[in-house]
Structure formats: C-alpha cells, structure tokens
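Asks: Structure of the sequence below:
(one chain, ligands or ions: 1)
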Amino acid sequence: MGKKIYLVEDEKSLNILLEKYLQKEGYEVTTFIDGKTAMSKIKDMPDLWILDIMLPGIDGYELIKNIKQNNINTPVIFMSARNEELDRVVGLELGSDDYLSKPFLPRELVIRTNKLLERIYGNENLPLKDNILDINGYRISKNQRTVFCGETELQLTNKEFELLYFFVENKNNLISREQILINVWGNNYFGSDRVVDDTIRRLRKKVDGINIETVYGFGYKLVYKL
Ligand code: CA
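Replies: I've put the predicted structure just below:
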C-alpha cells in the first residue's frame, strides 16, 4: 500500500497538480486548501505532511508545531514563495525535514518526497517488498500478517496484529487511546475506548517480550531499548 501523504496548499491549481503527480507515483494523497481543516486531521498521523507556509487562517508554521508535538518523527516538507531564506531557516528550526522554494517543478517535489520517505521508512514503500519489522526477537510481517518469535508463530487476532504493528511502527512514542482508535479501529468506530485497553491486555500476554507501558492519564508507549 502506498504511503499516506497529507498536502496543504491554498493555491487550488497547484494543489490539484501536485496531488496528481504524487498519486501517479503511487502515494495515497489527501489534500487541504486551508490550515484549519488540516489542523483537525493531525491525529490521523499520515506518513508525510507537505505544507505551504502562507495559508489563510492557520499558517504552515502553526501546523508544523502541532504536527511535531503530536509525533516528533512525522516528516514534513515545507513549500514557500515568500522570503525564502528566512522561511527555510524558521522551517528547519521548527523541525521541517525538507524545503522547496516556489516556483518548483512538480517532479522535483516527487523526487524529494521519494528520497525523504526512503530515508525515513527505508524501502518498505516499494510495493513488492514485504514490510517486516524486527523487534526483541520478534519478526512481524505486514504482508503475511504473521508474528514469529524465533521459530514459533504467534496466533493473534486481526486487531491484535494491527495494534502490535502500529505500536512497533511508533515505538518509544506516547500514543493516546484516541490515536489508537483512529489508526487501528478507524474513524467509523463508535464503541467504547475500553476495547483498546482490553486488546492491549491480551496483546501483552501473547507478546510478552515487548514492553507496552501504560502512561496514566494519556495512553500507552512501546518502550524499546537498543
Ligand atoms: Ca499559499
């Protein structure tokens, strides 16, 4: 599956053009034309944000602050046509991972995006390669939906598997129940968030070599030490 990209650009024609280029590259792209709507979707935790700096209402600086607060590891590419040097410096200070000054060729954004995602996620976004995560002696295969501990295959339910994969992908990050619900159960789940606690309790028993800590009043954290 293609990586999920959220793109914020208020110039409509550029927004559509960039979306097309990124989609053609195999990415799953969601676009926004204002900062406020984008702000409300930060908890979705896409694999990459591409932000225009000058936006009506909430600007790119405000957005990146909140994105990085939500998860410091989420990569962000800034685009700007303003005082370029200043924007670049401020952007980098706020944690942006790459910067493009307008005007640029759409293809350039695609190349930067590929490079950045490859640097951060490895080659796992190549469609034929399995997404395998190794942690504490466990081998988790996304394509096969299997978890092996040495030679032994663990029997996990669908949700237990997705929850485990989500935790390992976001290891050492604080994750709220809300984030877990959105990412594992989806936006359309309206049941109690107790389901998260129950599934984690079962997961801890089955995968006891991985340390998922409860962070009281907030959520959970997979604690991983090299
Ligand atoms: Ca703009």
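Asks: what's the domain layout of this structure?
Replies: 4-121, 132-223 (automatic domain parsing).
Asks: can you pull the buried residues of the helix or strand hosting Ile200?
Replies: Taking DSSP states H and E as the criterion, Ile200 maps to helix 194-206. Of the residues in helix 194-206, Val195, Val196, Thr199, Ile200, Leu203 count as buried by neighbour count, 16 or more other C-beta atoms under 10 Å. In short, each C-beta sits where N, CA and C put it, glycine included.
Asks: In a markdown table: the domains of the chain, plus distance to the ion.
Replies: Shown next, in a markdown table, are the domains of the chain (distance: least, C-beta to the ion, whole Å):
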| stretch | distance to the ion |
| --- | --- |
| domain 4-121 | 4 |
| domain 132-223 | 28 |
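Asks: I'd like those as CSV, with mean pLDDT appended.
Replies: Below are those laid out as CSV (pLDDT from 0 to 100):
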stretch, mean pLDDT
domain 4-121, 91
domain 132-223, 91
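Asks: Which parts of the chain are strands?
Replies: Taking DSSP state E as the criterion, the chain contains strands spanning 4-8, 28-32, 48-52, 76-80, 98-101, 132-135, 138-141, 146-149, 152-154, 174-176, 211-215, 219-223.
Asks: Report the angle between the fourth one and strand 48-52.
Replies: Yep, that's strand 76-80 we're talking about. 20 degrees (axes from the mean of the first three to the mean of the last three C-alpha atoms, to 10 degrees).
Asks: ok, the most far-flung residue of the chain relative to its centre to Ile140 distance?
Replies: Farthest-out residue of the chain from its mean C-alpha position, per C-alpha atoms, centre = their mean: Glu151, at 30.8 Å. According to C-beta to C-beta, to the nearest Å, Glu151 stands 15 Å off from Ile140.
Asks: Check Lys20 too.
Replies: Distance from Lys20 to Ile140, by C-beta to C-beta: 34 Å.
Asks: same check, this time on Leu63
Replies: With C-beta to C-beta as the criterion, Leu63 and Ile140 are 32 Å apart.
Asks: Looking at the two now, which is surrounded by more residues?
Replies: More crowded of Leu63 and Ile140, by other C-beta atoms under 10 Å: Leu63, with 26 against 23.
Asks: ok, that one touching Ile53?
Replies: No - applying C-beta atoms under 8 Å as the test, Leu63 and Ile53 come out as separate, 9.2 Å apart.
Asks: Among the strands of the chain, show me which one is buried the most.
Replies: Stretch with highest mean neighbour count among the strands of the chain: strand 48-52 (a mean of 25; mean count of other C-beta atoms under 10 Å).
Asks: Could you tell me which residues make contact with the residue lying closest to Lys20 once chain neighbours are set aside?
Replies: Excluding the flanking residues, the one nearest Lys20 by C-beta to C-beta, 6 or more residues apart in numbering is Pro106, at 7.9 Å. By C-beta atoms under 8 Å, 6 or more residues apart in numbering, the residues touching Pro106 are Leu17, Leu18, Lys20, Tyr21.
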